[in-house]
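Undergrad: Got a predicted structure plus its sequence, pasted below:
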Amino acid sequence: MKNPQVAQIFREISALLDMEGVPFKPRAYEKAAASIAALEDPIEEIFARGGVKALETIPGIGKSFAAKIAEFLSSGKVADHEKLRAATPVDLDRLLGIEGLGPKGIKSLYEHIGVRTLADLEAAARAGKIRQVPGFGEKSEQKILQGIGFLQARAGRLPIGAVLPLAREIEARLGEIRGVKQVAIAGSIRRRKETIGDMDFLVVASDPALVMERFATMPEVAVVHGRGSTKGSVRLSIGMDADLRLVPAESFGAALQYFTGSKDHGVACRKIAIEKSLKLNEYGVFRGSRSIAGRSEEEVYAALGLPWIAPELREDKGEIAAALAGKLPHILEYGSLRGDLQTQTSWTDGADSIEAMARAAKKLGLEYIAITDHTRSLAMTHGSDEKKLRRQMADIDAINAKLRGFRILKGAEVNIQRDGTLDIDDATLAALDVVGVAVHSHFHLPRKEMTERICRAMRNPHADILFHPTGRVLGRREPYEVDFEEIVRVALETRTALEIDAFPDRLDLNDDHARRAVEAGVKLTIDSDAHSAAHFPFLDYGIAVARRGWVEAKNVLNTQPVERLLASLKGGPGPGRKGSGRRHSQR
DNA sequence: GCCGTTTTCGGCCCGACTGTTTTCAGTCG
């Protein structure tokens, strides 16, 4: 998989061209880099299949870029890249990480005082040499030193689960300030991206200065980057920036639309505005100098001839075209899950008893949960063997007899062994309501072997769901190498559901995979992977992934009441077990 | 350098804030 290297080279060329002041090309390289990074298939395979012509079908890749990719694949280098790097041999990646320092500044520092590395930069700043470079002064020198300090403390992007609770707390706090009329979280948090780079807040207030003052002096603030009359920017102690915008009420919707992004979605919207001889900015939609919309997002989209688009869809991945055609998906609503099909208890590595889990789930409005403790080959979790599972089933029967209006399903998170077989015998699996299968070992098998292993597990007639299908853990473990298209094909063929594991550091499937799966007609489940009674709210993160993946309620098995759910699981007692094909006939 | 249900040429989003500048470029989102 050479996609990351190719994307990195394109990103670097973009920055190097930016340095030279070349117009437009840097954006083209940047777009191509993003496009390549987002590819599912290894770029070397695309090239092997169809040569440069196949490369040119990738969005943002034309003749010239396709040739550069081919050049890299055959030689490991791109001549233009080498040439640019030789002209300005600096550690771009690290230097660009300094807040406030961009391509132009880096070039100037290199040319005037020979700064090439972060160490050079720090030495020059300490020696007072930066201030002698044109365009820099005493203050920028201080900012650079501070920036170097922050570079070490920076958390980078954090999983949404680690950011959203704090963002909501700040939102609530801003809302309590005297004279505040409206508050909103914008940016990637509102779009529920899986990782977050910074926080964006929007406020309408009668006393903006007071709000700015309170914002800049919150206890979480480590440093204030800037503070104007309408915009404030701070670094929080968790190593993340937070921005505040103060906007007039008549612009709130336009500002919300603008600052929710994504950037690409915004660009696409502003292009539509231009086509209609309108102008869209954060203050509203304008015809000439007259505002025709801005108070609400609905109003703004309507002025562009579009229905309101859910924030999770705003990634410029076809939502504009769908909106124009009146074909936006009816994406899954928050709170629309009736059950949770992956939970662990104190029988293995969970914290709480079966009954405590059931009561917590019921309190949150769920109608059923499946208990899916680990199985025996996962020894460190005291995984269940057949005997232990039978005992647990009896226990569940006893608790179910006590519960009103709630059902505990018997399940297991069955380990997929290296050869693709399961570590629980078929007779026991047949007695379970819900069988999830999952990879927990041998993460580094070759792509083909890993794919075959997982597909073999899905072919087990009792395997209802493939849990956390790609195995990634955000910030800790990359997804394993697997042919996802083949997983989708076999899931469809065997009527195995794929899971969106909603545990905040998993989110697996991700949004793009979920979208691909439902496009193919595969059913999904969204599960919390709860390891304690406090984890059920994680389901919302899974719903967010589903929404970003254009998933509708009909695509998700656990939006159904328990009897219908059981009937629609492949290993369940319901109709269609032999695979009449009826289920997927609409595709 | 890419792209096209108004285009194969002529576009390519838009504004706030800062610092260093005597009127604006660079950076950021």
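TA: That came through fine.
Undergrad: which outside residues touch stretch A:274-292?
TA: For stretch A:274-292, contacts defined as Cβ atoms under 8 Å, 6 or more residues apart in numbering pick out A:245, A:247-248, A:250-251, A:254-255, A:258-259, A:269-270, A:272-273, A:293-294, A:300, A:303-305. Heads up, the C-betas are built off the backbone N, CA and C, glycines and all.
Undergrad: From these, keep the buried residues only.
TA: A:245, A:247-248, A:251, A:254-255, A:258-259, A:269-270, A:272-273, A:293-294, A:300, A:303-304 (16 or more other Cβ atoms under 10 Å).
Undergrad: Which ones, among these, also lie beside DNA strand B?
TA: Contacts with DNA strand B within the buried ones among the contacts of stretch A:274-292, as defined by Cβ under 7 Å from any atom of the strand: A:F259, A:R270, A:A273.
Undergrad: Of the residues you listed, which belong to helices?
TA: Members of those lying in helices (criterion: DSSP state H): A:F259, A:R270, A:A273.
Undergrad: list the contacts for the first one?
TA: A:F259 makes contact with A:A186, A:G187, A:D200, A:L202, A:R245, A:E282, according to Cβ under 8 Å, 6+ apart.
Undergrad: What about those, which one has the most neighbours?
TA: Highest neighbour count within these, by other Cβ atoms under 10 Å: A:L202, with 26 neighbours.
Undergrad: Tell me the secondary structure at that residue.
TA: strand (DSSP: H, G, I helix; E, B strand; the rest coil).
Undergrad: That one and DNA strand B, how far apart?
TA: Distance, A:L202 to DNA strand B, using Cβ to the nearest atom of the strand, to the nearest Å: 11 Å.
Undergrad: neighbours around the residue lying closest to that residue once chain neighbours are set aside, how many?
TA: In this structure, A:L202 finds its nearest non-sequential neighbour in A:A184, 4.6 Å apart by Cβ to Cβ, 6 or more residues apart in numbering. By the criterion of other Cβ under 10 Å, A:A184 has 22 neighbours.
Undergrad: wait, doesn't A:A184 sit right on A:L256?
TA: Yes: assessed by Cβ atoms under 8 Å, A:A184 is found in contact with A:L256 at 5.6 Å.
Undergrad: State the distance from the closest residue to A:E355 other than its chain neighbours to DNA strand B.
TA: Closest residue in space to A:E355, ignoring its immediate chain neighbours: A:I399 at 5.1 Å, by Cβ to Cβ, 6+ apart. Taking Cβ to the nearest atom of the strand as the measure, A:I399 and DNA strand B are separated by 49 Å.
Undergrad: do the same with A:Q182
TA: Taken as Cβ to the nearest atom of the strand, the span from A:Q182 to DNA strand B is 18 Å.
Undergrad: Can you verify A:E499 is assigned to a strand?
TA: Yes: assessed with three-state DSSP, A:E499 lies in a strand.
Undergrad: Quick one: residues contacting it.
TA: Per Cβ under 8 Å, 6+ apart, neighbours of A:E499: A:341-342, A:436, A:465-469, A:508-509, A:524-527.
Undergrad: go with 7 Å
TA: By Cβ atoms under 7 Å, 6 or more residues apart in numbering, the contact set of A:E499 is A:Q342, A:I465, A:L466, A:F467, A:H468, A:P469, A:L524, A:T525, A:D527.
Undergrad: Repeat that for A:D316.
TA: Contacts of A:D316 by Cβ under 7 Å, 6+ apart are A:S262, A:D264, A:H265, A:A268.
Undergrad: Same question for A:M212.
TA: Listed by Cβ under 7 Å, 6+ apart, the contact partners of A:M212 are A:R227, A:G232, A:L244, A:L246.
Undergrad: So it, which state does it fall into?
TA: Following three-state DSSP, we place A:M212 in the helix state.
Undergrad: mind checking how far the residue in the stretch 401-550 of chain A that DNA strand B sits nearest to is from A:T559?
TA: Nearest residue of the stretch 401-550 of chain A to DNA strand B (Cβ to the nearest atom of the strand) works out as A:D512 at 18.6 Å. Per Cβ to Cβ, to the nearest Å, A:D512 is found 21 Å from A:T559.
Undergrad: most neighbours, which of the contacts of A:D316?
TA: Counting neighbours by other Cβ under 10 Å, A:H265 comes out on top of the contacts of A:D316 with 21 neighbours.
Undergrad: Looks like that residue contacts A:E315 (just checking).
TA: Yes: judged on Cβ atoms under 7 Å, A:H265 makes contact with A:E315 at a distance of 6.3 Å.
Undergrad: What about A:E449, how many residues nearby?
TA: A:E449: 15 neighbours (other Cβ under 10 Å).
Undergrad: I'd assumed A:K410 was in a strand, is it?
TA: Yes: under three-state DSSP, A:K410 sits within a strand.
Undergrad: In the sheet, which residues pair with it? Tell me.
TA: With DSSP bridges applied, A:K410 shows beta-bridge pairing to A:I371.
Undergrad: residue contacts, the residue lying closest to A:L164 once chain neighbours are set aside?
TA: Excluding the flanking residues, the one nearest A:L164 by Cβ to Cβ, 6+ apart is A:I189, at 6.1 Å. With contact set as Cβ under 7 Å, 6+ apart, A:I189 has these partners: A:I160, A:V163, A:L164, A:A167, A:I196, A:M199.
Undergrad: can you give me the strands for the stretch 51-200 of chain A?
TA: Secondary structure of the stretch 51-200 of chain A (DSSP state E, counting those that start in this stretch): strands at A:158-159, A:180-185, A:195-196, A:198-205.
Undergrad: wait, I meant the stretch 251-400 of chain A
TA: For the stretch 251-400 of chain A, the strands defined by DSSP E, counting those that start in this stretch occupy A:279-281, A:284-287, A:290-293, A:339-343, A:368-371.
Undergrad: could you dump these to CSV with mean pLDDT?
TA: Formatted as CSV, the strands of the stretch 251-400 of chain A follow (pLDDT from 0 to 100):
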stretch, mean pLDDT
strand A:279-281, 88
strand A:284-287, 90
strand A:290-293, 89
strand A:339-343, 97
strand A:368-371, 97
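Undergrad: For A:A517, find the nearest of the ones you listed.
TA: Nearest to A:A517 among these is strand A:339-343; the distance by Cβ to Cβ comes to 16.0 Å.
Undergrad: Residues touching that closest one, excluding its own?
TA: A:357, A:361, A:366-372, A:411, A:413, A:434, A:436, A:465, A:467, A:499, A:501, A:525, A:527-530, A:536, A:539, A:558, A:562, A:565.
Undergrad: ok, now how distant is A:Q132 from DNA strand B?
TA: Computed as Cβ to the nearest atom of the strand, the A:Q132 to DNA strand B distance reads 10 Å.
Undergrad: So which bits of the stretch 1-150 of chain A are right by DNA strand B?
TA: Applying Cβ under 7 Å from any atom of the strand, we find that the stretch 1-150 of chain A lies next to DNA strand B at A:21, A:23-25, A:27-29, A:31-32, A:59-66, A:96, A:98-106, A:131, A:134-141, A:143.
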